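>>> what's the 3D shape of this:
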Amino acid sequence: MVGKSHLMVGLTAGVVLDSFAQVTGPHLVGASHISLALIIDKAIFYVAVGFGSLLPDIDNAHSTLGKKLGWISKEIQHKVGHRTLFHSFLGLICGAFIAFGLQELIQYLLLTRGYTLPAHIISDSHIIFIAVLFGSIMHIAADALTEEGVPLFWPVPVYYGFPPSRKWRFRTGTWPEHVIVYGFILLVAIGMYYSFITI
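Numbering: from 1, shown residues only. Presented below is the predicted three-dimensional model:
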(Lines give C-alpha, C1' and ligand atoms only; values in the text may rest on other atoms or scores of the structure.)
Protein backbone atom coordinates (compact mmCIF):
# COMPACT_ATOMS: atom_id res chain seq x y z
CA MET A 1 0.00 0.00 0.00
CA VAL A 2 1.03 3.61 -0.47
CA GLY A 3 1.84 5.84 2.50
CA LYS A 4 -1.46 7.72 2.73
CA SER A 5 -3.40 4.44 2.65
CA HIS A 6 -1.28 3.06 5.50
CA LEU A 7 -1.83 6.27 7.43
CA MET A 8 -5.62 6.19 6.98
CA VAL A 9 -5.88 2.48 7.85
CA GLY A 10 -3.63 2.92 10.90
CA LEU A 11 -5.47 5.96 12.26
CA THR A 12 -8.91 4.45 11.63
CA ALA A 13 -7.90 1.22 13.38
CA GLY A 14 -6.43 3.38 16.17
CA VAL A 15 -9.84 4.97 16.69
CA VAL A 16 -11.36 1.48 17.02
CA LEU A 17 -8.66 0.34 19.48
CA ASP A 18 -8.97 3.46 21.62
CA SER A 19 -12.77 3.29 21.57
CA PHE A 20 -12.93 -0.30 22.78
CA ALA A 21 -9.80 -0.60 24.96
CA GLN A 22 -9.75 3.08 26.07
CA VAL A 23 -5.95 3.12 25.85
CA THR A 24 -5.87 6.89 26.36
CA GLY A 25 -8.75 7.11 28.81
CA PRO A 26 -12.51 7.69 28.48
CA HIS A 27 -14.28 8.77 25.29
CA LEU A 28 -14.46 12.47 24.50
CA VAL A 29 -18.03 12.05 23.22
CA GLY A 30 -20.43 12.19 26.14
CA ALA A 31 -17.68 12.84 28.72
CA SER A 32 -18.79 14.98 31.67
CA HIS A 33 -15.32 16.49 32.05
CA ILE A 34 -12.61 16.73 29.40
CA SER A 35 -9.21 17.55 30.86
CA LEU A 36 -6.21 18.94 29.01
CA ALA A 37 -4.25 15.82 30.02
CA LEU A 38 -6.84 13.60 28.31
CA ILE A 39 -6.67 15.62 25.09
CA ILE A 40 -2.84 15.52 25.16
CA ASP A 41 -2.86 11.74 25.73
CA LYS A 42 -5.21 11.25 22.78
CA ALA A 43 -3.09 13.53 20.56
CA ILE A 44 0.10 11.64 21.53
CA PHE A 45 -1.62 8.32 20.84
CA TYR A 46 -2.83 9.25 17.35
CA VAL A 47 0.47 10.85 16.31
CA ALA A 48 2.29 7.69 17.48
CA VAL A 49 -0.18 5.40 15.66
CA GLY A 50 0.34 7.47 12.50
CA PHE A 51 4.11 7.17 12.86
CA GLY A 52 3.86 3.42 13.52
CA SER A 53 1.65 2.94 10.46
CA LEU A 54 4.46 4.35 8.29
CA LEU A 55 7.43 2.86 10.20
CA PRO A 56 7.78 -0.57 8.52
CA ASP A 57 8.45 1.21 5.21
CA ILE A 58 11.63 2.71 6.70
CA ASP A 59 13.32 0.10 4.48
CA ASN A 60 12.03 1.81 1.32
CA ALA A 61 13.85 5.03 0.38
CA HIS A 62 10.92 6.03 -1.87
CA SER A 63 8.25 5.64 0.84
CA THR A 64 6.65 8.52 2.75
CA LEU A 65 8.92 7.97 5.77
CA GLY A 66 11.89 6.93 3.66
CA LYS A 67 11.93 10.27 1.84
CA LYS A 68 12.04 12.09 5.19
CA LEU A 69 14.91 9.95 6.49
CA GLY A 70 16.99 10.16 3.31
CA TRP A 71 20.31 8.33 3.55
CA ILE A 72 19.25 6.35 6.65
CA SER A 73 16.40 4.73 4.74
CA LYS A 74 18.61 4.18 1.68
CA GLU A 75 21.20 2.43 3.83
CA ILE A 76 18.58 0.20 5.48
CA GLN A 77 17.11 -0.69 2.07
CA HIS A 78 20.60 -1.48 0.77
CA LYS A 79 21.40 -3.74 3.75
CA VAL A 80 18.14 -5.68 4.23
CA GLY A 81 15.91 -4.81 1.25
CA HIS A 82 12.27 -3.76 1.19
CA ARG A 83 9.56 -5.88 2.83
CA THR A 84 11.94 -8.09 4.76
CA LEU A 85 12.87 -7.58 8.44
CA PHE A 86 10.53 -4.64 9.06
CA HIS A 87 7.49 -6.54 7.75
CA SER A 88 7.99 -9.62 9.97
CA PHE A 89 7.36 -10.88 13.50
CA LEU A 90 11.11 -10.67 14.11
CA GLY A 91 11.06 -6.97 13.22
CA LEU A 92 8.15 -6.32 15.59
CA ILE A 93 9.89 -8.19 18.42
CA CYS A 94 13.22 -6.41 17.83
CA GLY A 95 11.43 -3.05 17.69
CA ALA A 96 9.63 -3.78 20.97
CA PHE A 97 12.88 -4.74 22.72
CA ILE A 98 14.65 -1.63 21.40
CA ALA A 99 11.78 0.60 22.56
CA PHE A 100 11.71 -0.94 26.05
CA GLY A 101 15.50 -0.81 26.23
CA LEU A 102 15.60 2.88 25.32
CA GLN A 103 12.90 3.68 27.87
CA GLU A 104 14.77 1.84 30.63
CA LEU A 105 18.07 3.45 29.63
CA ILE A 106 16.57 6.95 29.75
CA GLN A 107 15.00 6.27 33.15
CA TYR A 108 18.29 4.86 34.47
CA LEU A 109 20.34 7.81 33.20
CA LEU A 110 17.88 10.27 34.75
CA LEU A 111 17.88 8.39 38.06
CA THR A 112 21.69 8.39 38.24
CA ARG A 113 21.53 12.19 37.96
CA GLY A 114 18.89 12.48 40.67
CA TYR A 115 15.85 12.94 38.43
CA THR A 116 12.67 10.91 38.83
CA LEU A 117 10.18 10.72 36.01
CA PRO A 118 6.63 11.63 37.03
CA ALA A 119 4.09 8.81 36.71
CA HIS A 120 2.17 10.55 33.92
CA ILE A 121 5.30 10.71 31.74
CA ILE A 122 5.91 6.98 32.23
CA SER A 123 2.23 6.38 31.41
CA ASP A 124 2.56 8.48 28.23
CA SER A 125 5.63 6.50 27.19
CA HIS A 126 3.57 3.29 27.47
CA ILE A 127 0.84 4.87 25.33
CA ILE A 128 3.47 5.76 22.71
CA PHE A 129 4.86 2.21 22.74
CA ILE A 130 1.41 0.62 22.32
CA ALA A 131 0.45 3.10 19.60
CA VAL A 132 3.63 2.68 17.49
CA LEU A 133 3.48 -1.11 17.81
CA PHE A 134 -0.21 -1.15 16.88
CA GLY A 135 0.38 1.14 13.89
CA SER A 136 3.20 -1.13 12.69
CA ILE A 137 0.99 -4.22 13.03
CA MET A 138 -1.75 -2.51 11.00
CA HIS A 139 0.83 -1.61 8.32
CA ILE A 140 1.90 -5.25 8.00
CA ALA A 141 -1.73 -6.44 7.98
CA ALA A 142 -2.56 -3.95 5.21
CA ASP A 143 0.44 -5.04 3.12
CA ALA A 144 -0.72 -8.65 3.49
CA LEU A 145 -3.68 -7.68 1.27
CA THR A 146 -1.37 -6.84 -1.64
CA GLU A 147 -0.15 -9.24 -4.35
CA GLU A 148 3.36 -9.42 -2.88
CA GLY A 149 2.26 -10.25 0.68
CA VAL A 150 4.58 -10.06 3.70
CA PRO A 151 7.42 -12.29 4.98
CA LEU A 152 5.97 -12.87 8.47
CA PHE A 153 8.67 -15.39 9.42
CA TRP A 154 11.63 -13.58 7.84
CA PRO A 155 14.47 -14.57 7.27
CA VAL A 156 12.46 -17.50 5.88
CA PRO A 157 11.75 -16.16 2.35
CA VAL A 158 8.07 -17.15 2.23
CA TYR A 159 5.51 -14.37 1.74
CA TYR A 160 2.03 -14.62 3.21
CA GLY A 161 -1.09 -12.73 2.23
CA PHE A 162 -4.80 -12.55 2.72
CA PRO A 163 -6.67 -14.03 0.94
CA PRO A 164 -4.12 -16.82 0.49
CA SER A 165 -4.46 -16.78 -3.32
CA ARG A 166 -2.51 -13.92 -4.97
CA LYS A 167 -5.14 -13.51 -7.66
CA TRP A 168 -7.60 -12.27 -5.01
CA ARG A 169 -5.19 -9.62 -3.73
CA PHE A 170 -4.45 -6.22 -5.30
CA ARG A 171 -1.38 -4.40 -6.61
CA THR A 172 -0.11 -1.45 -4.54
CA GLY A 173 -1.44 1.91 -5.74
CA THR A 174 -4.27 0.54 -7.90
CA TRP A 175 -8.00 1.31 -7.56
CA PRO A 176 -8.86 -1.74 -5.38
CA GLU A 177 -6.54 -0.33 -2.71
CA HIS A 178 -8.57 2.88 -2.53
CA VAL A 179 -11.87 0.96 -2.47
CA ILE A 180 -10.63 -1.21 0.42
CA VAL A 181 -9.18 1.71 2.40
CA TYR A 182 -12.21 3.99 2.04
CA GLY A 183 -14.58 1.05 2.53
CA PHE A 184 -12.80 0.20 5.79
CA ILE A 185 -13.04 3.81 6.96
CA LEU A 186 -16.74 3.96 6.06
CA LEU A 187 -17.53 0.73 7.93
CA VAL A 188 -15.67 1.97 11.01
CA ALA A 189 -17.47 5.33 10.85
CA ILE A 190 -20.87 3.59 10.65
CA GLY A 191 -19.94 1.29 13.54
CA MET A 192 -18.74 4.22 15.66
CA TYR A 193 -21.91 6.19 14.91
CA TYR A 194 -24.18 3.35 15.99
CA SER A 195 -22.10 2.63 19.09
CA PHE A 196 -22.28 6.29 20.16
CA ILE A 197 -26.04 6.70 19.64
CA THR A 198 -26.71 3.60 21.76
CA ILE A 199 -24.64 4.86 24.72
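
>>> Spatially nearest residue to Ser5 (excluding sequence neighbours)?
Val181 (4.7 Å; CB to CB, 6 or more residues apart in numbering). To be clear about C-beta, it is placed using only N, CA and C from the backbone, and glycine gets the same treatment.

>>> Give the buried residues for the host helix or strand of the one you found.
Here Val181 sits within helix 175-197, counting by DSSP states H and E. Residues of helix 175-197 classed as buried by neighbour count (16 or more other CB atoms under 10 Å): Glu177, His178, Ile180, Val181, Phe184, Ile185, Val188.

>>> pretty sure the third one contacts Leu145?
When you say that, I think you mean Ile180. Yes. In this structure, Ile180 is within contact of Leu145 by CB atoms under 8 Å, at 6.6 Å.

>>> Find residues that contact each of the two.
Phe170 (CB atoms under 8 Å, 6 or more residues apart in numbering).

>>> possible to save the buried residues of helix 175-197 as a markdown table with distance to Asp18 and pLDDT?
Output for the buried residues of helix 175-197, formatted as a markdown table (distance: CB to CB, whole Å; pLDDT from 0 to 100):
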| residue | distance to Asp18 | pLDDT |
| --- | --- | --- |
| Glu177 | 25 | 83 |
| His178 | 25 | 84 |
| Ile180 | 22 | 83 |
| Val181 | 19 | 83 |
| Phe184 | 16 | 82 |
| Ile185 | 15 | 83 |
| Val188 | 12 | 79 |
